[in-house]
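Enquirer: Okay, predicted coordinates and the sequence, questions at the end:
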Amino acid sequence: MAAEPTLKKVFEDIELPLVPVLSRIERTGALVDDTLLFQQSQELSARLGELETEAWELAGQQFNLASPKQLGQILFEKLQIPVLKKTAKGAPSTKEEVLQELALDYPLPKVLLEHRGLAKLKSTYTDKLPTMINSVTGRIHTSYHQSGTATGRLSSSDPNLQNIPIRSAEGRRVRQAFIAAPGCKLVAADYSQIELRIMAHLSEDPSLLAAFSAGQDIHRATAAEVFGVETDEVTIDQRRSAKAINFGLIYGMSAFGLARQLGINRKQAAEYIELYFTRYPGVQSYMNNIRHSAAENGFVETVFGRRLYLPEINASNGMRRQAAERTAINAPMQGTAADIIKLAMINVHNWLENSDLTSKIIMQVHDELVLEVPESEMDEVQKGLKGLMESAAELLVPLVVDIGVGDNWDEAH
DNA sequence: AGGTTAAGCGCG
DNA sequence: AAAGCGCGCTTAACCT
């Protein structure tokens, strides 16, 4: 790593060499099986119709389920359901979190939740993606944008292939429609816990460095430290809490936010955080140092010198200042991860171009690369890909890449 | 008719 | 009073 990273270096080492990689992705694109999506669309239509009927019965009238105005009137006026939360403009909120809460006591919110989830799936993915298949290439070609994000990540649009569903079973059917060409498989390679590894690198916290160097399950290790138990005695619930703490730290979350996330009281959440900082003092120092350095310099930067300027870091408005502080905490980690995968993309691309291999990078999803790989090249590509991604940067902790293979994108995970 | 904003939600 | 970072897309509601 350069002793004094510079913005010029980021531009010359990362951004310019990435250009041909991205144009190549545009030329390759992803194959999508539209008959699978068509089938799913039919099923969704049927289910959405049932749910709409159920909702109308529970409401005692017909209404547009997608209309916040009509929905609000029915839930909070007609049915007299209490308003738990309001939107920025003062209207009663009907977002998922609220409906989940209300679903415990009332039948309609539950129906709305399922309807909303499936409607989103259908309109954004199932029905939309087939219309985006290029008639000449038979593939979907997204646009990757190299500039525009605050942290140095790419973004993807028209269509956005960086938010294809994965968390629900119904959603994964969309992912199953992303398929490999005949004779090929899809290979998905993703960095394991890259932002937490970068946090370990930046903070140089001994326990965190040790945990990663030993190849430990980081959430389990955190749980063991925070809850004072042996790693093999960590419960599911303790690991879940530790995971929330770890992610919360990356985002600069407060005790209030952690409490809400875990459904515990604020005092308890504050104790968790305090205990965490006792066990990982380097992380606490890092958080404080980055706040101070941001306030002094007016910017933060990644390991490679990519800067993010934070004009509100010294704002007199406390809320704005705190928001800038959270960004100051998150941006070096998110941004360094973005730099690393960009370097990996350049290296992988050059390696493939300068070989006889015909495998291609076809997608990037922040910490994941997806390649279309002929079966004859499978072993060589998997090995090379993993090696190049893991050696894209040398941090104080190892970078680890998990690789999956399948006939479709879901299987490859 | 066409653009913009707000709310909501998909992903890392 | 707010309270967790970064994106893009869809619909409704509002505006010109």
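Expert: Sure thing, it's come through.
Enquirer: can you give me the helices in the stretch 301-413 of chain A?
Expert: For the stretch 301-413 of chain A, helices defined by DSSP state H, counting those that start in this stretch occupy the ranges A:318-353, A:378-390.
Enquirer: got the buried residues for stretch A:406-413?
Expert: Buried residues in stretch A:406-413, defined by neighbour count with 16 or more other CB atoms under 10 Å: A:G406, A:N408, A:W409, A:D410, A:E411, A:A412, A:H413. Glycine gets a C-beta too; all of them are placed from N, C-alpha and C.
Enquirer: residues in contact with A:W351?
Expert: A:G384, A:L388 (CB atoms under 8 Å, 6 or more residues apart in numbering).
Enquirer: coming back round to it: pipe the buried residues of stretch A:406-413 into TSV and attach distance to A:D379 and pLDDT per row.
Expert: What follows is the buried residues of stretch A:406-413, written out as TSV (distance: CB to CB, whole Å; pLDDT from 0 to 100):
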residue	distance to A:D379	pLDDT
A:G406	16	98
A:N408	20	98
A:W409	21	98
A:D410	22	97
A:E411	18	97
A:A412	16	98
A:H413	20	92
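Enquirer: Between the residues you listed, which sits nearest A:T149?
Expert: Distance to A:T149, by CB to CB, is smallest for A:W409 among the buried residues of stretch A:406-413, at 23.1 Å.
Enquirer: Identify the residue spatially nearest to the closest one, adjacent ones excluded.
Expert: The shortest distance from A:W409 to any non-neighbouring residue, by CB to CB, 6 or more residues apart in numbering, is to A:F178 (3.8 Å).
Enquirer: and the one you found, backbone torsions?
Expert: Reported as degrees, to the nearest 10, the phi and psi values for A:F178 are phi -80, psi 110.
Enquirer: So which bits of the stretch 301-413 of chain A are right by DNA strand B?
Expert: Proximity of the stretch 301-413 of chain A to DNA strand B, by CB under 7 Å from any atom of the strand, involves residues A:Q334, A:V365, A:H366, A:D367, A:E368.
Enquirer: For chain A, which residues are neighbours of DNA strand B?
Expert: A:68, A:87-89, A:91, A:93-97, A:99, A:113, A:116-117, A:120-121, A:124, A:160, A:162-168, A:171, A:190, A:334, A:365-368.
Enquirer: Spell out the secondary structure type for A:A181.
Expert: At A:A181 the chain is in coil, as set by DSSP: H, G, I helix; E, B strand; the rest coil.
Enquirer: Looks like it contacts A:L371 (just checking).
Expert: No. If you go by CB atoms under 8 Å, A:A181 and A:L371 don't touch, sitting 11.8 Å apart.
Enquirer: Those two: which is more packed in?
Expert: A:L371 (26 against 16; other CB atoms under 10 Å).
Enquirer: got the phi/psi numbers for the nearest residue to the more buried one once chain neighbours are set aside?
Expert: Distance criterion CB to CB, 6+ apart; nearest residue to A:L371, sequence neighbours excluded, is A:V187 at 4.6 Å. Main-chain torsions, A:V187, degrees, to the nearest 10: phi -120, psi 120.
Enquirer: As TSV, the helices of the stretch 301-413 of chain A with mean pLDDT and distance to DNA strand C would be great.
Expert: Output for the helices of the stretch 301-413 of chain A, formatted as TSV (pLDDT from 0 to 100; distance: least, CB to the nearest atom of the strand, whole Å):
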stretch	mean pLDDT	distance to DNA strand C
helix A:318-353	97	4
helix A:378-390	98	20
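Enquirer: ranking the ones you listed by burial, who's on top?
Expert: helix A:318-353 (a mean of 20; mean count of other CB atoms under 10 Å).
Enquirer: which element is A:V300 on?
Expert: Assigned by DSSP states H and E, A:V300 falls within strand A:299-301.
Enquirer: Partner strands of that strand and their direction?
Expert: Strand pairing for strand A:299-301, using DSSP bridges, gives strand A:307-309 (antiparallel).
Enquirer: now the strand it pairs with: mean pLDDT?
Expert: Averaging pLDDT along strand A:307-309 gives 97.
Enquirer: Sort out which residues of that strand are buried, please.
Expert: Using 16+ other CB under 10 Å as the test for burial, strand A:307-309 gives A:R307, A:L308.
Enquirer: what does it rub up against?
Expert: If you take CB under 8 Å, 6+ apart as the criterion, strand A:307-309 is touched by A:L7, A:A150, A:T151, A:G298, A:F299, A:V300, A:E301, A:T327, A:A331, A:G335.
Enquirer: Show me what residue of chain A gets nearest to DNA strand C.
Expert: DNA strand C sits closest to A:G257 of chain A, with a gap of 2.2 Å, by CB to the nearest atom of the strand.
Enquirer: Tell me who's in contact with that residue.
Expert: A:G257 neighbours (CB under 8 Å, 6+ apart): A:G248.
Enquirer: re earlier: drop anything exposed from the residues of chain A next to DNA strand B.
Expert: If you count burial by 16+ other CB under 10 Å, the buried members of the residues of chain A next to DNA strand B come out as A:93-94, A:99, A:113, A:116, A:121, A:124, A:162, A:164-165, A:171, A:190, A:334, A:365-368.
Enquirer: Of those, which belong to strands?
Expert: A:D190, A:E368 (DSSP state E).
Enquirer: Please flag which of the buried residues of stretch A:406-413 sit within strands.
Expert: Of the positions in those, A:G406 sit in strands, assigned by DSSP E.
Enquirer: farthest-separated two in the buried residues of stretch A:406-413?
Expert: A:N408 and A:H413 (9.8 Å).
Enquirer: on that earlier part again, please see if the strand holding A:V300 touches DNA strand C.
Expert: No. Shown here: strand A:299-301 not in contact with DNA strand C (CB under 7 Å from any atom of the strand), separated by at least 10.9 Å.
Enquirer: can you list contacts of that strand?
Expert: With CB under 8 Å, 6+ apart as the test, strand A:299-301 has contacts from A:5, A:290, A:293-294, A:307-310, A:327-328, A:331-332, A:335.
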